[in-house]
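# For reference, the sequence and a predicted model appear below.
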Amino acid sequence: MTLLAELALVVVAAITVAVSVAMLPEAVAWRNRRAPAPPAARPEQLVRLESLVTMAGASALRAHAYLRPLLVEITSRRLAARGQTLERIPEAVAKDLLGAPLWELVRPDRQFPEDRHRRGVPRQDLAAMVEALERL
Amino acid sequence: MSGSLSPRVPGLLALAGVAVIAGLAGGRPELAVLATPFLVFVGVGLVMANEPDLAVELSLERDRMLEGDQTRVTVTLHNNSVAGVEVELGVVRTPKLALEPAGAVAVALGAGSEITVEFRAIPLRWGAHAVGPVVVQARDPLGIATWSRRLGARLTLRVFPREQRLRELVAPLRTQPSLGSHAARSRGEGIEFADIRPFATGDRARQVNWRVTARRGALHVTERHPEHSSDVVVLLDTFAEARDGASGTLDAAVRAAASLTRAHLARRDRVALVDFGGTVHWLEPAFGATQLYRIVDALLASEIAFSYAWRDVESIPRRVLPPQALILAITPLLEERSIRLITDLRMRGADVTVIEVSPLAHTLPGPTASDVLAYRLWRLEREAKRARLRALGVAVALWEEDATLGPAVEGVNAFRRSARHATRV
């Protein structure tokens, strides 16, 4: 009886070995190393503008210090194509061409904002300014 | 070859250990018997595990090719050991080179035999791609031990950018006195008609225009523009690029640079290359086919080198920028340092033309409304930059990557014919 029990144990052990070997991780598990796709490079200029649009809405100081120079540059170049300059364009014509909000922001005699913590240029207003520039 | 035990071995030993400890703790020798097969398996496996003697030969069907072509990579594996072995092999390569089949290939090798495995190499873009060595992982028949090693040589597959044929080239403002194919502004011996004037002492008889002479009753001669060569500097901007996964503006810029270089050298111009970015590399101007291969080889090594270091015109040796040279700047206009360099060169009187590789195709607006607004603003800002350069007398051709380069060059020439040179920004 004891011998039979031991034989049974050996058989069980053999089966256990077979199952264990089959279930254990593959010895030569080859990690299929595909070359990773190179990361997308987003232009720094665009990333800077994305944060500028958000920043300009938050504070009048930032709108004046960062957004205004950019809009002045764009407006000047687009007006130059029509033979006009920001310095010499009559205010009525400028308001007609650019719209009042954009003109107020880019006009050469614009003063530094007195209340720096006032809200800047809301997104809707900025969208209207961009549209005016695209039309120009 | 570095050898290691399979992850199976600790598992098997742990099972055996549990059985032995349980047998000792419970005073049941039967349980200890359970451990025997595990130990026997590991023992037999270790005795049978002999490091295989493998050798690999790696070869390329061709080592130079054009973008878009494919080639075959052949791996021949020799098993010099007395026992058979199971092997998985994979070829190490640069990320811009795809292999088919991808990943590893499993093969079984008998004693003293060899096997050949073929991969198809598909370059995803131009460049000097490294192929090899081959990573070989072998294991013994019971899977107890594994050996891993890199075998074979490291080969280089040079993939040249696919060039465009250009009918028209940017006409230089100034030419050099050596023979070429650009009609010079000066007058002399040549083919292209310049003017008719009265005969003067020293004029040759062959210059006499007999029809005009007969009509006007006095000797008149025909003046012609001589055909001269020019110096061309290809300025490649490698400061920044826009990239969307597989392709980017640098890929297109290198193709444009190679096309322009070939076309100008074919017209007997002297061509120099300046790779202007985080690091500055250059090739001095020279003529001929050798220069073409030098420049194309240098272009293959082009990459975006990020750097905060300020670079300006002083970073480029003067001998690379000959006076009166035509400078062709190929740039995505993404970096202020490059724009400043172009402005500086123009303000010093250089004849500069910009081929702008548009980054718009590789850049989409972000998901929010603010991002879309920023994207529109970015396009306007780019147009303003272009206008700033044009106001200086720099011709800017906007080149979309999918389009041919020819219309861009024609646009540049049209601008240069009509542009007046600005004297201030």
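Received it, and whenever you're ready, just let me know what you need.

# Is there a neighbour count for the closest residue to chain A within chain B? I'd like the number.
Nearest residue of chain B to chain A (C-beta to the nearest C-beta) works out as B:Ser6 at 3.4 Å. For every residue, glycine as well, the C-beta is placed using N, CA and C. Residues near B:Ser6, counting by other C-beta atoms under 10 Å in any protein chain shown, number 24.

# By residue count, what's the longest helix in chain B?
helix B:369-391 (DSSP state H).

# Go ahead and confirm the residue of chain B closest to chain A touches B:Pro141.
No. Using C-beta atoms under 8 Å as the test, B:Ser6 is too far from B:Pro141 to be in contact (11.9 Å).

# contacting residues for B:Asp251?
B:Arg125, B:Trp126 (C-beta atoms under 8 Å, 6 or more residues apart in numbering or on different chains).

# re the thing from before, what's the distance between the residue of chain B closest to chain A and B:Ala301?
Applying C-beta to C-beta, to the nearest Å, the value for B:Ser6 to B:Ala301 is 42 Å.

# if we can go back for a sec, would you indicate which residues of the longest helix of chain B are buried?
Residues of helix B:369-391 classed as buried: B:370-378, B:380-390 (neighbour count, 16 or more other C-beta atoms under 10 Å in any protein chain shown).

# If we check chain A, which of those are in contact?
Counting by C-beta under 8 Å from any C-beta of the partner chain, B:370-371, B:373-378, B:380-381, B:383-384, B:387-388 from the buried residues of helix B:369-391 sit close to chain A.

# Please settle this for me: is A:Ala132 part of a strand?
No. Assigned with DSSP: H, G, I helix; E, B strand; the rest coil, A:Ala132 falls outside any strand and is helix.

# quick one, helices of the chain?
Looking at chain A here, since you left the chain open. For chain A, helices defined by DSSP H occupy the ranges A:2-23, A:44-58, A:60-62, A:68-80, A:91-98, A:100-106, A:123-135.

# nope, chain B
So, for chain B - with DSSP H - the helices run B:8-26, B:29-48, B:210-216, B:249-266, B:288-300, B:336-347, B:369-391, B:405-418.

# okay, these in CSV with distance to B:Pro161 next?
Converted to CSV, those look like this (distance: least, C-beta to C-beta, whole Å):
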stretch, distance to B:Pro161
helix B:8-26, 49
helix B:29-48, 53
helix B:210-216, 51
helix B:249-266, 4
helix B:288-300, 7
helix B:336-347, 21
helix B:369-391, 25
helix B:405-418, 12
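
# Quickly, which of those helices bottoms out on average pLDDT?
Here these differ in mean pLDDT, and the lowest is helix B:29-48 at a mean of 80.

# any idea of the angle that one forms with helix B:8-26?
Using axes from the mean of the first three to the mean of the last three C-alpha atoms, to 10 degrees, the direction of helix B:29-48 lies 160 degrees away from that of helix B:8-26.

# hey, C-alpha coordinates of helix B:29-48 in CSV?
Output in CSV follows, covering the C-alpha atoms of helix B:29-48 (Å, rounded to 0.1, in the frame of the first residue of the first chain):
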residue,chain,number,x,y,z
PRO,B,29,9.1,11.6,3.4
GLU,B,30,6.6,11.2,0.6
LEU,B,31,6.3,14.9,0.2
ALA,B,32,10.1,15.1,-0.1
VAL,B,33,9.9,12.6,-2.9
LEU,B,34,7.7,15.2,-4.7
ALA,B,35,10.7,17.5,-5.0
THR,B,36,12.8,14.8,-6.8
PRO,B,37,11.5,15.3,-10.3
PHE,B,38,12.0,19.1,-10.2
LEU,B,39,15.6,18.7,-9.0
VAL,B,40,16.3,16.0,-11.5
PHE,B,41,14.9,18.1,-14.3
VAL,B,42,17.0,21.1,-13.4
GLY,B,43,20.1,18.9,-12.9
VAL,B,44,19.7,17.2,-16.2
GLY,B,45,19.1,20.5,-17.9
LEU,B,46,22.2,22.1,-16.4
VAL,B,47,24.4,19.1,-17.4
MET,B,48,23.1,19.2,-21.0
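
# Wondering if it reaches chain A at all.
Yes. Shown here: helix B:29-48 in contact with chain A (C-beta under 8 Å from any C-beta) through B:Glu30, B:Leu31, B:Val33, B:Leu34, B:Ala35, B:Thr36, B:Pro37, B:Phe38, B:Phe41.

# Closest to A:His117 out of those?
A:His117 has its nearest neighbour among those in B:Phe38, at 74.8 Å by C-beta to C-beta.

# Roughly how far does the closest one sit from B:Arg416?
In terms of C-beta to C-beta, B:Phe38 sits 84 Å off from B:Arg416.

# now do A:Pro113
45 Å.

# cool, B:Leu273 as well?
22 Å.

# more crowded one of the two?
B:Leu273 (25 against 17).

# Name all residues that make contact with the residue lying closest to that one once chain neighbours are set aside.
Sequence neighbours aside, B:Leu283 is the residue nearest to B:Leu273 in space, at 4.4 Å (criterion: C-beta to C-beta, 6 or more residues apart in numbering or on different chains). Counting by C-beta under 8 Å, 6+ apart, B:Leu283 makes contact with B:Ala272, B:Leu273, B:Gln291, B:Arg294, B:Ile295, B:Ala298, B:Val320.
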